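**Q** Test case, fold it:
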Amino acid sequence: KPYDAKKSVWVPNKADGGYLEGSLEAREGAKCKVNVGGEVKVFKEDQVCQVNPPKFDCSEDMANLTFLGDACVLWNSVVRYINELIYTYSGLFCIAINPYKRFPIYTLRTMELYVGKRRNECPPHIFAI
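**A** Numbering: from 1, shown residues only. All right, here's what the predicted structure looks like:
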């Protein structure tokens, strides 16, 4: 479904403790009606979080995200993990997600790519610290 800056939202998924993307239908006081997978559900306003524009998917630094809700941070981490990008910056911090398998990212060649470079000149990696 297409992204809508005013209607695209994240809502909690009770089934797995994660989040689902939905479309905001209406706000009624402190409640929001959200269409999730064709079904309209009601959520408390503080449970609804706006979705970042698609250009922020796979962002190298989460400090650059427009919205920093839990769902937005988790989504960015998931997208990066799926793309085997296990390192992500969050401002001054480097976040690592354990892939539970070996990636060829700790080689001498990789280390040489980071020597003498500033943090913003290379993709996020522990060698950039």
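
**Q** quick one: contacts for the residue nearest to P99 when sequence neighbours are not counted?
**A** Nearest non-adjacent residue to P99, counting by CB to CB, 6 or more residues apart in numbering: I86, 5.3 Å away. C-beta coordinates here come from the backbone N, C-alpha and C atoms, glycine included. Applying CB atoms under 8 Å, 6 or more residues apart in numbering to I86 gives the contacts 80, 96-99, 103, 105.

**Q** quick one: pLDDT of I86?
**A** For I86, the model assigns a pLDDT of 97.

**Q** what's the longest helix in the protein?
**A** helix 70-82 (DSSP state H).

**Q** Just the mean pLDDT for that one, thanks.
**A** Helix 70-82 comes out at a mean pLDDT of 96.

**Q** So which elements touch that helix?
**A** Helix 70-82 is packed against strand 8-12, strand 19-28, strand 49-50, strand 87-90, with contacts defined by 3 or more CB pairs under 8 Å, 6 or more residues apart in numbering; DSSP states H and E.
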